[in-house]
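>>> Sequence first, predicted model second:
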Amino acid sequence: MGVMALFDAWVAGFKISFKRLLYLAAVAGVAGCITQVVGVGQGFWHYTGTQQSYFFVPFTFVFTALCMYGLTTTWLERLLRPLTNYGPLWPNLLMVVVLFGLLLGTVPHSLGKLGTGFWIYYSFLFLFGLFVSFRMNFQTVLSMTISAWIVGGASETLGAQSGLWLYEGDTTSPPLFLVLASWPLEFILHYSLSGLLAKEELIARPSPRQS
């Protein structure tokens, strides 16, 4: 976590505009709270402690969203730079469809038993992902997905093993749908909506901080 904190400080100081940072924090915090309401309500995970409160979690979503933003626009941007000029948009759409398919295919409850809140929230993430995929290249969509897998997998595992929360059946192993699909779909929302609100382009590019 210390390494992630240092990385976030570097990203906040040099790799993101202040306006984008504010919007990213707001979107990640609100969406993170909705994720908790849906996930806890469905019984996918629960919080430990006497109060079993998850009101601290939106702040951790801001923390992780900034880390994923940094990975997407720096290390992964350089790693996947050969894909920058890849023109067709259909791989972007396909990636979002695959993520939603993974969500439904790996969710631990039968689809008929999933609540209305689950369907409304994740259908919105899916449709929003399709919409914004037309405004970016495949490199960016792939970078966001990989960064969400890395940060999401690490965060979910460390949080459970530290005793902050447990998953269904009191296990510390995060469910596949959460890491493989939920985290990428959520980060597509964080990254893209903050960019639209800040009136910045959505294609991942390394750039110095702007005021």
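Arrived safely. The structure presented is a predicted model; accordingly, all values stated were derived computationally and were not measured. Numbers count the residues shown, from 1 in each chain.
>>> Can you tell me the SS state at the residue lying closest to residue 138 once chain neighbours are set aside?
Once flanking residues are discounted, residue 138 sits nearest to residue 91: 4.6 Å by Cβ to Cβ, 6 or more residues apart in numbering. Just so you know, the C-beta spots here come from the backbone N, C-alpha and C atoms, and that holds for glycine as well. Secondary structure assignment for residue 91 (DSSP: H, G, I helix; E, B strand; the rest coil): helix.
>>> I'd assumed residue 139 was in contact with residue 91.
No: here residue 91 lies out of contact with residue 139, judged by Cβ atoms under 8 Å, at a distance of 10.0 Å.
>>> neighbour-wise, which of those two wins?
residue 139 (24 against 18; other Cβ atoms under 10 Å).
>>> if I read this right, that one contacts residue 84, doesn't it?
Yes: taking contacts as Cβ under 8 Å, residue 139 lies within contact range of residue 84: 5.3 Å.
>>> And the strands in this structure, which stretches?
In the chain, the segments counted as strands under DSSP state E are 45-47, 165-167.
>>> Tell me which residues of the last one come out buried.
By neighbour count, and taking 16 or more other Cβ atoms under 10 Å as the criterion, the buried residues in strand 165-167 are 165, 166, 167.
>>> Grab the nearest non-local neighbour of the residue most central in space within the chain.
Residue closest to the average C-alpha location in the chain (Cα atoms, centre = their mean): residue 187, at 2.6 Å. In space, and not counting its chain neighbours, residue 187 is closest to residue 148: 4.3 Å by Cβ to Cβ, 6+ apart.
>>> Run through the residues that contact that neighbour.
68, 183, 184, 186, 187 (Cβ atoms under 8 Å, 6 or more residues apart in numbering).
>>> what separates the last one from residue 162, distance-wise?
Spelled out, it's residue 187. Applying Cβ to Cβ, to the nearest Å, one obtains 22 Å for the distance of residue 187 from residue 162.
>>> now do residue 79
30 Å.
>>> Among the two, which residue is more densely surrounded?
Between residue 79 and residue 162, residue 79 has the larger neighbour count (other Cβ under 10 Å), namely 14 against 11.
>>> Can you give me the distance of the closest residue to residue 11 other than its chain neighbours to residue 38?
Leaving aside its sequence neighbours, residue 11 sits nearest to residue 70 (Cβ to Cβ, 6+ apart; 3.6 Å). Relative to residue 38, residue 70 is positioned 27 Å away (Cβ to Cβ).
>>> so where's the protein uncertain?
1, 49-54, 205-211 (pLDDT under 70).
>>> Could I get the full set of helices for it?
2-14, 18-42, 57-73, 75-79, 90-106, 116-133, 138-161, 176-177, 183-198 (DSSP state H).
>>> Switch those over to a markdown table; also include distance to residue 48.
Formatted as a markdown table, the helices of the chain follow (distance: least, Cβ to Cβ, whole Å):
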| stretch | distance to residue 48 |
| --- | --- |
| helix 2-14 | 22 |
| helix 18-42 | 12 |
| helix 57-73 | 13 |
| helix 75-79 | 33 |
| helix 90-106 | 24 |
| helix 116-133 | 23 |
| helix 138-161 | 10 |
| helix 176-177 | 22 |
| helix 183-198 | 21 |
